[in-house]
Each structure stands twice: as structure tokens, then as C-alpha cells.
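K.L.:
build me a model from this:
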Amino acid sequence: MKLRKTVAAAAVALALTATATACGKSGSPDDDKAGKPGDGKSAPAVPTYKVNTSADVKDSPVFDRIKGKTITIGTKADQPGLGYENPTSKKRTGFDVEIARMIAADLGFDEAHIKFKTVPSEARETQIASGGVDFYVGTYTINDERKKQVDFAGPYYVAGQDLLVKSDSSIKGPEDLKGKKVCSVTGSTPLKRIKEPKYGVGEVKAQQGYQVCVQELVSGTVDAVTTDDTLLKGYAAENKGALKVVGKPFSTEPYGVGVKKDDKALRAAINDAIEAHVKNGDWKKAYDATIGLSGVAAPNPPAVDRY
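P.N.:
Now for the predicted structure:
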């Protein structure tokens, strides 16, 4: 049933344009299923976060500007299980969205004073630097090149390139791809990586979005889809019982919270918030209620890097 549902959903999603992610591109989900279980009855609830009404971040230019007002958080809108906006209800769901909400609560902002702003990958640094967003959470890989323009709190999650396959597939890892057909997105880092001779892939198909790749996997024209495991978990959750994530990552992608360059006070406050919500269990509850619906157990959260 879920498999057929995905085929239909994918046909609709073909009209949607994939946008770049931490690895280069992302897909487009069909509806608000992200963050829900297969039958809609047994999903763990996302946690609620106590707002710190006495929050203050001294020496933070960004916090000084928004204190007592509204915080604007940049994120993605088309990544099921991570950062997704229902086009009808405008409801935001996903693990990245929950990370953003728990940080905002610790900074003193309740739900009524949070504004989410969809920002494509190519505009992240510009939006953070210009004040278009106050911080950014959206499959944002920490690397030295980006640190030249923005600072990062976190990481709050370490993703890795992985494989999405049918549940009865014999593929157990990248070593089983010899002669197989694999799909990823045009211009993405995962596409470039999977073309490396060491994987021996028979045919690499480049598509404009991951939803199209998922459709090809469902129809049997490819044997696997590859990108960050976080994205793949979202699609697996949508197709519970039909598709699965292999669970053998072969790259490292530490996801961070992007903040304005040299706002050390805000970066430290966000790091404090991440650590606090890991310690009190919110992090795992948020994972279980979002990308954890794929059936992949929560990994150990990474230690934040207070560089």
C-alpha cells in the first residue's frame, strides 16, 4: 500500500524542483507524512520545550537585535523527516525543525515568536551574514570553506552518504554495488562520489531530485538511491516496509547550526542549548518522532565543537 502511495506521490512530486542540500541537492515530498509513522497511529510525539523566559545572551549583536521580538530561523522546506513545510497547512516538521525549536526555546522564544524562513543552500551564507535569518538549521555540513563566511554551533548530528534500497534487496553496503544501477542528483557530491571506480557501479543515473530517484527505485529501473542517510531515512519512513536504508555510511557529514561570523556569544549559547537537550532526552525524542520513523535507531549524538 505504501509503495503504491509513493509511486503516485512521486508522480506529483516530479513537478516540484529539488533544491540543494548539504550534499548538493534534495528531493520533494508529497505531503505532511514526514514525521508520521506508517499507519499514523503509533508515532512518537515530538517533545515540547520549556521556554527560558529569563534568557539573555550578553555580547551577542544578533540577540541584542531580536531580544523580546521574533527570531527568524532559516531551514529547508522540502526534506521529509528533516525540514519540511506542508504546502497546505504550512506546518513545519522534521528533525532539523525540532533542533531549531529547542534552541529557540532556550533563547527565550516561544512558538508564537518563531518565524521559519525557507532558504536554499546557495543563499545560506548570504542570509546569515545579512541578518535575513538569525541562525540556520538545515542539513548544513560544517567545513572549513564555509567557516570563512559563517560560524557553526554543533554539530548536532553526523550524517553520512548511504544507500536506499528495496526491503528485499541483497545490497548490504557500497561493496555490493558492482554492476548495479544507482541514482543520485545532478551536480551533487554523492553523485560524484559514487562514480569513483572503487565502487564499480554499472550505471550511475543523474536526476533532478531525489524523489525522482525514489520513483525509479520503486519501479525497479535502479537498484539503489544514494545521498545523506538523513534524507534517505525520510524516504524510508514514507515507505515503511517497502524501502530501507542500508545503514552503512561511507562519508562523514557533520551538521551544524549556522550563525553570523564572530558572534561567539550566540554560538556558545546555541552549543549550550544543544548539550542541554541531548542531556535531558529531547534530542532522542525528536529523532524518534522524525527520521527515526525509518526504523533506524538513533545514533549517539556527537559532541559539540567549541572551536
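
K.L.:
residue 52 belongs to a helix?
P.N.:
No: secondary structure assignment places residue 52 outside any helix; it is coil (DSSP: H, G, I helix; E, B strand; the rest coil).

K.L.:
wait, it touches residue 104, no?
P.N.:
No: using Cβ atoms under 8 Å as the test, residue 52 is too far from residue 104 to be in contact (9.9 Å). Every C-beta, even on glycine, is put in place using the N, C-alpha and C of the backbone.

K.L.:
neighbour-wise, which of these two wins?
P.N.:
Neighbour comparison, residue 52 and residue 104: the larger count goes to residue 104, with 28 against 15 (by other Cβ atoms under 10 Å).

K.L.:
just the element for the more buried one, please.
P.N.:
helix 95-106 (DSSP states H and E).

K.L.:
and the average pLDDT for that helix is what?
P.N.:
Here helix 95-106 scores 98 as its mean pLDDT.

K.L.:
which elements pack onto it?
P.N.:
Using 3 or more Cβ pairs under 8 Å, 6 or more residues apart in numbering; DSSP states H and E, the elements in contact with helix 95-106 are strand 71-75, strand 83-85, strand 114-118, strand 150-159, strand 253-260, helix 264-279, helix 282-288.

K.L.:
name the helices or strands packed onto the next helix or strand after the shortest one?
P.N.:
On the C-terminal side of strand 83-85, the closest following helix or strand by DSSP H and E is strand 92-93. In terms of contacts (3+ Cβ pairs under 8 Å, 6+ apart), strand 92-93 is packed against strand 83-85.

K.L.:
tell me which residues touch the most centrally placed residue in the chain, please.
P.N.:
Nearest to the centroid of the C-alpha atoms of the chain, with distances taken as Cα atoms, centre = their mean, sits residue 82, at 3.8 Å. If you count contacts by Cβ atoms under 8 Å, 6 or more residues apart in numbering, residue 82 has them with 34, 76, 94-97, 138-139, 230-231, 234, 290-291.

K.L.:
burial count for the spatially closest residue to it that is not a sequence neighbour?
P.N.:
Take residue 82 and drop its neighbours on the chain: the residue closest to it by Cβ to Cβ, 6 or more residues apart in numbering is residue 94, 4.3 Å away. Taking other Cβ under 10 Å as the neighbour definition, residue 94 ends up with a count of 31.

K.L.:
how far away is residue 94 from residue 80?
P.N.:
Applying Cβ to Cβ, to the nearest Å, one obtains 7 Å for the distance of residue 94 from residue 80.

K.L.:
before we move on, what about residue 113?
P.N.:
26 Å.

K.L.:
what of residue 141?
P.N.:
Between residue 141 and residue 80 the computed distance is 19 Å (Cβ to Cβ).

K.L.:
of those two, who's got more company?
P.N.:
For the pair residue 141 and residue 80, the greater number of neighbours falls to residue 80 (31 against 21), based on other Cβ under 10 Å.

K.L.:
I'd assumed residue 232 was in contact with the more buried one.
P.N.:
No: under the contact definition of Cβ under 8 Å, residue 80 does not touch residue 232, with a separation of 10.2 Å.

K.L.:
the helices and strands packed on helix 95-106: which one's closest to residue 165?
P.N.:
Taking Cβ to Cβ as the measure, the helices and strands packed on helix 95-106 were each checked against residue 165, and strand 150-159 came out nearest at 17.8 Å.

K.L.:
now do the contacts for the residue nearest to residue 82.
P.N.:
In this structure, residue 94 makes contact with 34, 35, 79, 80, 81, 82, 83, 84, 234, 290, 291, judged by Cβ under 8 Å, 6+ apart.

K.L.:
check residue 163 too.
P.N.:
Contacts were defined as Cβ under 8 Å, 6+ apart; by that measure residue 163 touches 171, 173, 174, 177, 182, 224, 225, 226, 232, 245, 246, 248.
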